[in-house]
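Q: What shape does this take:
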Amino acid sequence: QVQPVESGGGSVQAGGSLRLSCVASRVTYCRYDMTWYRQAPGKEREFVSGIVSDGSISYADSVKGRFTISQDNAKNTVYLQMNSLKTEDTAMYYCKMVRVCADGPRYFWGQGTQVTVSS
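A: Numbers count the residues shown, from 1 in each chain. A predicted model of the protein is given here:
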């Protein structure tokens, strides 16, 4: 399963928490950059958080201090722990995998997992 598969979305009240997971198969001779994006209805898809192959991590300003990205290489899984959720975090969350092998980069998107935060 090369295409990332997201899970963990759901409905939660403001202030609550969710943990999203993204699973995608990997091969040892390539490197991987993993990123979470989200898209709210009527809005463009936006960057949320990313972790690259050297371990560097980045966050959108809107989620800093509330979201934490991590990965378990043994499980080929990237997580997004989301705490102190706000209604404006409501969106479809997508996992993007960039696989860089000797023949160049390839991009894979998951189908998304819905996060709904109510007041």
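Q: Within its sheet, name the partner strands of whichever strand in the chain runs longest and how each one runs.
A: Among the elements of the chain assigned as strand by DSSP state E, the one spanning the most residues is strand 91-101. Applying DSSP bridges to the sheet, strand 91-101 is found paired with strand 31-39 (antiparallel), strand 104-109 (antiparallel), strand 113-118 (antiparallel).
Q: Using TSV, lay out these together with mean neighbour count and mean pLDDT.
A: No exception for glycine: its C-beta is placed from N, CA and C like everyone else's. Output for the strands paired with strand 91-101, formatted as TSV (neighbours: other C-beta atoms under 10 Å; pLDDT from 0 to 100):
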stretch	mean neighbour count	mean pLDDT
strand 31-39	20	96
strand 104-109	11	94
strand 113-118	17	98
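Q: give me the number of residues near Gln81?
A: Using other C-beta atoms under 10 Å, Gln81 is surrounded by 15 other residues.
Q: Any idea which of the strands paired with strand 91-101 gets closest to Met82?
A: Met82 sits nearest to strand 113-118 of all the strands paired with strand 91-101, at 7.3 Å, using C-beta to C-beta.
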